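Chemist: structure, please.
(one chain, ligands or ions: 1)
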Amino acid sequence: MSSLLSRARKNPPRLNRSSSTASKSYNRRQLRLRKFLSYFRPHLRLLMADVACAVVVAAAAVALPLCANIVMSHLIAFNDTASAYWQILGMGGVMLAIVAIETAAIFFVDYRGHMMGAHIEANIRQELFDHCQKLSFGFYDRHRTGQLMSRIVGDSFWLGELFHHGPEDLLIAILKYSGAMAVLFFIDLQLAFLILLLTPFAVAYALHFNRRMSRALEASKQEIAAVNERVEDALAGIRVVQSFANEDLERKRFAVLNRRFLRSRADGYRSEAWFSAGAETFAQIITLLVVILGGLRILAAELTIADLLTFLLCVGVLVDPVKRMANLARLWQEGYTGFVRAMEILEIDPDVVDRPSARLMSNPKGEIRLSNVDFSYEDGAEVLSNLSLTIRPGEFVALVGPSGVGKSTLCALLPRFYDVTGGSIEIDGTDIRDVTLASLRRHLGVVQQDVYLFAGTVADNLRYGRPDATDEEVEAAARAAHAHEFIMALPQGYQTDIGQRGVKLSGGQRQRLTIARAFLKNPAILIFDEATSALDNESERAVQQAFLTLAKGRTTLVIAHRLSTIRHADRILVLTGDGIVEEGNHDRLMESGGIYASLYGLQASI
Ligand SMILES: Nc1ncnc2c1ncn2[C@@H]1O[C@H](COP(=O)(O)OP(=O)(O)OP(=O)(O)O)[C@@H](O)[C@H]1O
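Modeler: Okay, the predicted model is just below:
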């Protein structure tokens, strides 16, 4: 069973994974198409109105040349000037009304239709963001934030465009083309056939360059994702960049990606230019042929001038559907690949989920028991093997050992950031997989090595674990964490903006804020992954005091890198690649002269 589980963990669903069988992939395509259509459901009324307006736009485009034909026929007939005058004016009024209706329909289609697309786009973006909140640590180990941002923010724009233009463009193109062709056939069969024969060439030409545009756009999407990733990495790590004086290196790296993106856009624009120039040329050639052949047919008295002019107006109408269809083909490719990329994320299930029978964990006493725990990261060697350990309620246990033996990993298993691959972890005798994730994590306070504060004020950050905390509670937590004094010394006290990731604070201050944040949460079990970066003595002492106050009365597991900070721990466990090899309090371990004693001696001598 455990090998099955670990095999499943080693082959998790990935983005862009290929399907195992043709039928599976066919089913998935069907499901996705159905899901795609389902996004229209909440907007059905708007969609119907959009479609109706699209019909009006197409009808108006065909009606106008017909009206023009009537006007010209009256002009040419010229036998009764007075009645022709009024008929022309009347027809002018009709055309004006058609134009007014068409304008209103175009406005509706453009505004409301785009808004429908924008709503669907916003829904999908929200769905993606919500889903990403649920995905487990393992997912984030596998995927890069820059790429995810491209999917959540970049791709969704095309989705909105597709949801708006898809139905509308398809309908307008079909109606305009068939309406205009019907009029052409009505006026002159031979000329209409000529156009019908030429249309496939125009469509083939448009599709060819359309495909090239799509390919170029796909390439430029990948390039922009790489650009995003570089920007994110270089800006998030700007302090490291500058401290290594690597601005030039970063500039060059960025310039390479930026140039690649530019080149991919150049390809796209070249195809687009061919596409537009070709569409224009096609329209001109048809016009030219119609004028020459139509002129010959007028000379042969087989066609009237009014009909030829109407014919030419209808030819003008025909260019639009061809352009629209080509555009739609590209939009479909763009939007639908964006949709599929979004679905690929939405279809990934979180690795760590609540069991259907999961109960709420309420007020744990805080006994932790690890029984024969095995754990390996995906595609990685086993980090923890057959580890057993019991921590009594309220006990202060410190975990020490060489780097990379799995101390932080062990701490990540308690809040179920990852699930064990073998054995079990129990809190108060209940397997942590039998309680809901939210209730488990509510009772665990994790102060991680990598302090993360959000952009915003000091108070916002402190309230992160308990948004309803009163000002008094916030201040009490800050006092307990020895943070109140420095907070009050900030320009706006608790309302001071601390910048992205708390850059405006010192390392020690950031740590004390995270401890205060844990105070407010008031968890029964505390996990403290001590930062390896050395703080100055005074900050270290302040952080230490804050932590000890927080730990009082709670089960505490601390990963210690500076052994001086855990001398007073109830129990110190020495973890190595062979498991827990030593355990006891500081004095006992020093006496025994083992690994702990030598590690301690080594640190003391530095
Ligand atoms: N997210 C991850 N994905 C894959 N492997 C990981 C991941 N995190 C850690 N590891 C690997 O697991 C092993 C244990 O790492 P862990 O961070 O738990 O060690 P540690 O004892 O806490 O080290 P340190 O004292 O240096 O913080 C290491 O070999 C590490 O490379």
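Chemist: residue of the stretch 101-250 of the chain nearest the ligand, please.
Modeler: Distances between the stretch 101-250 of the chain and the ligand by C-beta to the nearest ligand atom are smallest at residue 141, namely 4.3 Å. From N, CA and C alone the C-beta is placed, and that goes for glycine too.
Chemist: my guess is that residue meets residue 379, correct?
Modeler: No: using C-beta atoms under 8 Å as the test, residue 141 is too far from residue 379 to be in contact (9.6 Å).
Chemist: now residue 581, nearest residue through space, not along the chain?
Modeler: Spatially, and ignoring its direct neighbours in sequence, residue 581 is nearest to residue 574 (5.5 Å; C-beta to C-beta, 6 or more residues apart in numbering).
Chemist: next, the buried residues of the helix or strand containing that neighbour.
Modeler: Using DSSP states H and E, the element containing residue 574 is strand 571-576. Neighbour-count burial for strand 571-576, with 16 or more other C-beta atoms under 10 Å as criterion, is recorded at 571, 572, 573, 574, 575.
Chemist: ok but residue 373 is inside a strand, no?
Modeler: Yes: Residue 373: assigned to a strand according to DSSP: H, G, I helix; E, B strand; the rest coil.
Chemist: residues in contact with it?
Modeler: By C-beta atoms under 8 Å, 6 or more residues apart in numbering, the contact set of residue 373 is 384, 386, 387, 388, 410, 413, 420, 422, 423, 424, 425.
Chemist: tell me the pLDDT at the residue nearest the centre of the chain?
Modeler: By C-alpha atoms, centre = their mean, the chain has its centre lying nearest to residue 152, at 2.1 Å. pLDDT, residue 152: 76.
Chemist: which residues touch the residue nearest to residue 581?
Modeler: 400, 401, 580, 581, 582, 583, 589, 594, 595, 596, 599.
Chemist: gap between it and residue 145?
Modeler: 36 Å (C-beta to C-beta, to the nearest Å).
Chemist: repeat that for residue 59.
Modeler: 49 Å.
Chemist: again, but for residue 362
Modeler: Taken as C-beta to C-beta, the span from residue 362 to residue 145 is 35 Å.
Chemist: not counting its neighbours along the chain, what's nearest the residue in the stretch 251-400 of the chain that the ligand sits nearest to?
Modeler: Closest to the ligand within the stretch 251-400 of the chain is residue 377: 3.4 Å, counting by C-beta to the nearest ligand atom. Spatial nearest neighbour of residue 377, excluding adjacent residues (C-beta to C-beta, 6+ apart): residue 383 at 6.6 Å.
Chemist: wait, that neighbour sits on residue 408?
Modeler: No: the criterion here is C-beta under 8 Å, and residue 383 misses it with residue 408 at 9.8 Å.
Chemist: between these two, which one's more packed in?
Modeler: Set residue 383 next to residue 408 and count neighbours by other C-beta atoms under 10 Å: residue 383 wins out with 20 against 17.
Chemist: ranges for the strands of the stretch 351-500 of the chain?
Modeler: 368-376, 382-391, 396-400, 422-427, 430-431, 444-447 (DSSP state E, counting those that start in this stretch).
Chemist: need the ones you listed in TSV with distance to residue 257, can you?
Modeler: Below are the strands of the stretch 351-500 of the chain laid out as TSV (distance: least, C-beta to C-beta, whole Å):
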stretch	distance to residue 257
strand 368-376	34
strand 382-391	34
strand 396-400	42
strand 422-427	43
strand 430-431	47
strand 444-447	36
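Chemist: these: lowest mean pLDDT?
Modeler: Among those, strand 444-447 scores lowest, at a mean of 86.
Chemist: that strand near the ligand at all?
Modeler: No: for strand 444-447, no contact with the ligand is found by C-beta under 6 Å from any ligand atom; the gap never falls below 13.7 Å.
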